[in-house]
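Trainee: Pasting the sequence and the predicted coordinates here, then a few questions.
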Amino acid sequence: MTESRYPADKLLAIKRKHWPESVTPVGEMLVRLYRLNSLLQDGVAAQIAAHDLSFMEFEVLITLRGVAPPYEMIPTELYPAILISSGGLTKVLSSLQQRGLITRAEGTADKRSKPVRLTAKGRNLAERVMAEVLDSGRKMVLGGLSETEVERVTRLLHKLLVTLEPAND
């Protein structure tokens, strides 16, 4: 069960009353983005958990599914794609391998260079869960915004992220 949190408008109203200088246009945008992120993550977490996956396991599966067949990457390629530590990734990969969702190449002493490959079972699970997550997200977002507004917000977020994220060619 998700803990009850103040809606963004209530939180901002309290801040406006008691700390008005903290509610700038950028500050208000950040509060709303954090709150949206929290709501979306709560919904995704529940869907993923229903499939007996952790968020990081889901991230590994969808990251592998997002590359060209045979849906394979080495761990050092996975680290920056999913934002997890190498120790954390090792635990996640072990769990996914035990469940038959990925395979690891044998014969290489250095685990960082052992390719991680999505199995057919892992691919089917990734696709099924991702479809559910996208459908839920679509319903949430289109419950408050039109398709045109979604496209506008997407363009604006792209414009902002292009200036903030390092180019990684």
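Mentor: Right, received. Where do you want to start? A quick note: this is a predicted structure, and the numbers were derived from the prediction, not measured.
Trainee: CA only for contacts and neighbour counts going forward, please
Mentor: Will do.
Trainee: For the lowest-mean-pLDDT helix or strand in the chain, buried residues please.
Mentor: In the chain, the helix or strand scored least confidently by mean pLDDT, DSSP states H and E is helix 75-82, which has a mean of 87. Neighbour-count burial for helix 75-82, counted by 16 or more other CA atoms under 10 Å, picks out 75, 78, 82.
Trainee: same for it, what does it pack against?
Mentor: With contacts taken as 3 or more CA pairs under 8 Å, 6 or more residues apart in numbering; DSSP states H and E, helix 75-82 sits against helix 55-65, helix 86-98.
Trainee: Restricting the selection to alpha carbons, write that helix to CSV.
Mentor: Output in CSV follows, covering the C-alpha atoms of helix 75-82 (Å, rounded to 0.1, in the frame of the first residue of the first chain):
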residue,chain,number,x,y,z
PRO,A,75,27.8,-6.0,-17.5
THR,A,76,30.0,-2.9,-18.1
GLU,A,77,27.5,-1.8,-20.8
LEU,A,78,24.6,-2.5,-18.4
TYR,A,79,25.9,-0.3,-15.5
PRO,A,80,25.3,3.1,-17.1
ALA,A,81,22.1,2.0,-18.8
ILE,A,82,20.4,1.1,-15.5
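Trainee: Check the burial of Leu125 by counting its neighbours.
Mentor: Neighbour count for Leu125, taken as other CA atoms under 10 Å: 18.
Trainee: Dihedrals phi and psi, it?
Mentor: phi -70, psi -50 (degrees, to the nearest 10).
Trainee: CA atoms only for stretch 14-21, dumped as CSV, please.
Mentor: In CSV, the C-alpha atoms belonging to stretch 14-21 read as follows (Å, rounded to 0.1, in the frame of the first residue of the first chain):
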residue,chain,number,x,y,z
ILE,A,14,1.6,25.4,2.6
LYS,A,15,5.0,26.5,1.3
ARG,A,16,3.5,29.7,-0.2
LYS,A,17,2.0,30.5,3.2
HIS,A,18,5.0,29.8,5.4
TRP,A,19,8.0,30.1,3.0
PRO,A,20,6.8,32.0,0.0
GLU,A,21,10.3,32.7,-1.4
